[in-house]
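Q: quick one: sequence and predicted model below, then my questions.
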Amino acid sequence: MRLHLSLLASCLLLAGALAAPAGAQVQVQELAKGNGITHLRVSNGYFDVEFAPESGATASSFKTRYGDKEWIFPGYGGMFRTVFVGVGFPTSDLAWIKHTYQILDPGPEQVVLEFRTLTKENVTVYRKMTFPSGSPVVRVQLGMINEGAQSTVQGLWPDFMMYLSGVPEHNRYYRPSIRGVSETGWDDQTKTMTGTDYERNPYEGWTAALNTSTGEGLVWLMDYNWLKLLYNCNNSWTAEWSYDYATLPKGGKWETEYDMILTKGFPGFCHASPQVIAGMTMTPRGDRLEITHTLSRSVAGNLKDVRLTAQLRGVDSGEVHDLPALTCGDLTWEPQRQVQTIPVKMDQRLVCDVELTGLSAAGASLQESYSYYWPGSQGEGFDLMAGAGTTTYRRPAPRKVKEFLKPPGLAYYRKPEPRMLECRGPFYHYFRVPELATRAGISVIEDSYLTQTFAGTSLTYFPGSYEEMFKQDLLVLNNVTAPSLTDFGQDAVREFVKAGGSLLVLGGQFSLGAGAYRNSVLGDVLPVQVSATPFDLVRLDPPGRLMVAPAARVLHGLKLPETSACFWLNAVQPKPDAWVEITAGDRPFLICGRYGAGKVAVVAGTVCGEPVGTQRAFWETDDWPDLLCPVLRWMLGDTP
């Protein structure tokens, strides 16, 4: 199907939307509330905010320059609240605990406040907030310091509970997802809240809220590398997000930074970064599709000589068509609109890929990319169980890169009595790992189980520090997802194997490609290249007979019965420095390799399928122990 294009472009500057208030200066006041309670009030021409240090240092009052309506609703309402991950509001002590405060800079160019408290977990949590004069941006530095004698694992969860523009209706929330921009909140047509609360697969480090009636909005920019999930509690009108857990050794410090930006004039949001804020809408107009781009600068400063080039791409057809470039000129806080109209069939799914170029405030060349997904005039299907729309459009999330604090002198030593931790997913027992580990001489066996929670998959137990991880000799991931280990857990595994520990990965519906290993730290450690397809299970027809590979080093000379068969496996390809021990038909079944000083093995075969005739499922044969036990002994250091 071809997309026949013609173009009509127009430009509209939304005048006066965010013009800087004349003569606005920032100031801070200490307000006596009685009983020794002091609040802090900050105003800078855009915001008028009151903080309550005695109650979580949350914003108890919040107004903007566009009116005198109070954004904080009575009761549990509040902004800039912080809680620990796993101890949600309102039960979290951190949400209500008294904070000390300091006015680090009283103005008039900027006001800088710092709030600080020591929690019962012996963790100091602090928040440093900067309000520049006449600016729609609040910058927040958020951090933790471990004051205890032992390592601790904590994550922080910022929470903004408010009515945009002071009214609950017309509030919408936007989250960048691997499936496009995920929207939730108030639906003007049905007069109800719609959409899912959680976005577990963020694609970029931002989220946004908008009052579709007044045009007032808030955009938050946070570090994507530490971002775990985005959340909007539709019942409580919130914008929230969770950072990943950080492991803090004694005296260890973790810090991040986020910006909150007041906007006016955006119809919605599809992208935000330190350089640019962007919105896009696609609206059928007869036989034409109207594409509206809305752009403004972001926290890094005004942009110059901005040009926008776009491609319209059919999700199903794969057809790509270039659109004529748009000249945007300079971008300031005033949102600018560019409109294109294109004749196109409205019943198809489309993606508009955008390239934005220009000069930064410092005069450096700038290039930025983003996309907007449109499901067509028919919209998406509906998942009755999830209560939300469904989509098959996906884009791979960028890889997260972050450093974790490591204790000094970290080293791995083989234990006199070998220890093993097995993380168990569905159908784990068919692999018979504990039985075979005992045969292989492993003395201490611990277990953990894959669970599904509101935040995705997790494990009932996993080492929370590097020292704890290094107490093991062998880690077995038996049909569990990579995200269930958390980003820290994956880094701990990498360091453990690099230092000399061993890792065994067993295939299944929650492992390897199906377990999101490819774009993860675990993918680096494995001796195989994992499929990029989310569902990577391949049915072997006819079933694959297990045979020792010619290049086998550990199992060389082993004889396997002709009836031992594999019916389904995860599609993997050995890396150049790895070797195949067992094949199932012509496919790799057992692959071994090294990572640093450690040893790694992958069983791509899964415990799925039914034998036919004289065939026997490999995991049920008496030869399965003869196959896996030598591999376990090799991983523990025995010479093959």
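A: That came through, no problem.

Q: what about Thr486, which helix or strand?
A: helix 486-499 (DSSP states H and E).

Q: helices of the stretch 1-150 of the chain, residue ranges please.
A: Taking DSSP state H, counting those that start in this stretch, the stretch 1-150 of the chain contains no helices at all.

Q: so how far is the helix holding Thr486 from its chain's centroid?
A: Averaged C-alpha coordinates place helix 486-499 at 18 Å from its chain's average position (CA atoms, centre = their mean, to the nearest Å).

Q: what residues of that helix count as buried?
A: 486-497, 499 (16 or more other CB atoms under 10 Å). Heads up, the C-betas are built off the backbone N, CA and C, glycines and all.

Q: how about those in a markdown table, adding distance to Val548?
A: Below are the buried residues of helix 486-499 laid out as a markdown table (distance: CB to CB, whole Å):
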| residue | distance to Val548 |
| --- | --- |
| Thr486 | 37 |
| Asp487 | 37 |
| Phe488 | 38 |
| Gly489 | 34 |
| Gln490 | 32 |
| Asp491 | 35 |
| Ala492 | 34 |
| Val493 | 29 |
| Arg494 | 30 |
| Glu495 | 33 |
| Phe496 | 29 |
| Val497 | 25 |
| Ala499 | 31 |
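
Q: adding pLDDT, write these out as JSON lines.
A: Shown next, in JSON lines, are the buried residues of helix 486-499 (pLDDT from 0 to 100):
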{"residue": "Thr486", "pLDDT": "88"}
{"residue": "Asp487", "pLDDT": "90"}
{"residue": "Phe488", "pLDDT": "91"}
{"residue": "Gly489", "pLDDT": "93"}
{"residue": "Gln490", "pLDDT": "94"}
{"residue": "Asp491", "pLDDT": "94"}
{"residue": "Ala492", "pLDDT": "94"}
{"residue": "Val493", "pLDDT": "97"}
{"residue": "Arg494", "pLDDT": "96"}
{"residue": "Glu495", "pLDDT": "95"}
{"residue": "Phe496", "pLDDT": "96"}
{"residue": "Val497", "pLDDT": "97"}
{"residue": "Ala499", "pLDDT": "95"}
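
Q: now Thr460: closest residue in space that isn't a chain neighbour?
A: Of all residues not flanking Thr460 in the chain, Tyr449 sits nearest, at 4.7 Å (CB to CB, 6 or more residues apart in numbering).

Q: for the host helix or strand of the one you found, name the packing helices and strands.
A: Using DSSP H and E, Tyr449 sits within strand 444-453. On a contact count with 3 or more CB pairs under 8 Å, 6 or more residues apart in numbering; DSSP states H and E, strand 444-453 meets strand 419-424, helix 433-439, strand 456-459.

Q: pick the most deeply packed of the ones you listed.
A: strand 419-424 (a mean of 22; mean count of other CB atoms under 10 Å).

Q: sorry, back to before: the helix holding Thr486 to strand 419-424, inter-axis angle?
A: Relative orientation of helix 486-499 and strand 419-424, computed by axes from the mean of the first three to the mean of the last three CA atoms, to 10 degrees: 140 degrees.

Q: against which helices or strands is the helix or strand that comes right after helix 486-499 packed?
A: Per DSSP H and E, the first helix or strand lying C-terminal to helix 486-499 is strand 502-506. With contacts taken as 3+ CB pairs under 8 Å, 6+ apart, strand 502-506 sits against strand 474-478, helix 486-499, strand 598-603, helix 624-635.

Q: run the chain-centre distance for the helix or strand just after strand 502-506.
A: Going down the chain from strand 502-506, the next helix or strand is helix 521-525, by DSSP H and E. Relative to the centre of its chain, helix 521-525 is centred 17 Å away, using CA atoms, centre = their mean.

Q: counting contacts, what elements does helix 521-525 pack onto?
A: Contact here means 3+ CB pairs under 8 Å, 6+ apart; on that basis helix 521-525 packs against helix 486-499.

Q: which helices and strands does the helix it packs on pack with?
A: Applying 3+ CB pairs under 8 Å, 6+ apart, one finds that helix 486-499 contacts strand 246-248, helix 466-469, strand 502-506, helix 521-525, strand 587-595, strand 598-603.

Q: can you list these in JSON lines and add mean pLDDT?
A: As requested, the helices and strands packed on helix 486-499 are exported to JSON lines (pLDDT from 0 to 100):
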{"stretch": "strand 246-248", "mean pLDDT": "87"}
{"stretch": "helix 466-469", "mean pLDDT": "92"}
{"stretch": "strand 502-506", "mean pLDDT": "97"}
{"stretch": "helix 521-525", "mean pLDDT": "94"}
{"stretch": "strand 587-595", "mean pLDDT": "96"}
{"stretch": "strand 598-603", "mean pLDDT": "97"}
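
Q: of all the helices and strands packed on strand 502-506, which one is nearest Leu164?
A: helix 486-499 (31.8 Å; CB to CB).

Q: between the helices and strands packed on strand 444-453, which gets nearest to Trp374?
A: strand 456-459 (26.9 Å).

Q: strand partners (parallel or antiparallel) of that closest one?
A: The pairing partners recorded for strand 456-459 under DSSP bridges are strand 444-453 (antiparallel).

Q: just the buried residues of helix 486-499 now: which is nearest Arg297?
A: Using CB to CB, the buried residues of helix 486-499 come closest to Arg297 at Asp487, 31.5 Å.

Q: tell me what angle the strand holding Tyr449 forms with strand 474-478.
A: Using the same axes, to 10 degrees: strand 444-453 against strand 474-478 is 40 degrees.

Q: quick one: average pLDDT of strand 444-453?
A: Taken as a whole, strand 444-453 carries a mean pLDDT of 91.

Q: how about that strand: buried residues?
A: Ile445, Asp447, Ser448, Tyr449, Leu450.

Q: chain neighbours aside, what residue packs nearest to the last one?
A: Distances taken as CB to CB, 6+ apart place Gly425 nearest to Leu450, at 4.2 Å, with adjacent residues excluded.

Q: what's near enough to touch the one you found?
A: Tyr449, Leu450, Asn478, Asn479, Val480, Thr481, Gly508, Phe510, Ser511 (CB atoms under 8 Å, 6 or more residues apart in numbering).

Q: pLDDT wise, what is it at?
A: Note on Gly425: pLDDT of 95.

Q: torsion angles phi and psi at it?
A: Backbone geometry at Gly425, expressed as degrees, to the nearest 10, gives phi -100, psi -170.

Q: next, the closest residue to Leu164 other than its chain neighbours: phi, psi?
A: Closest residue to Leu164 apart from its sequence neighbours, by CB to CB, 6+ apart: Asn211 at 4.0 Å. Phi and psi for Asn211, reported as degrees, to the nearest 10, are phi -90, psi 110.

Q: also Trp226?
A: Trp226 has phi and psi values of phi -100, psi 0 when expressed as degrees, to the nearest 10.

Q: how close does it get to Pro274?
A: The spacing between Trp226 and Pro274, counted by CB to CB, to the nearest Å, is 16 Å.
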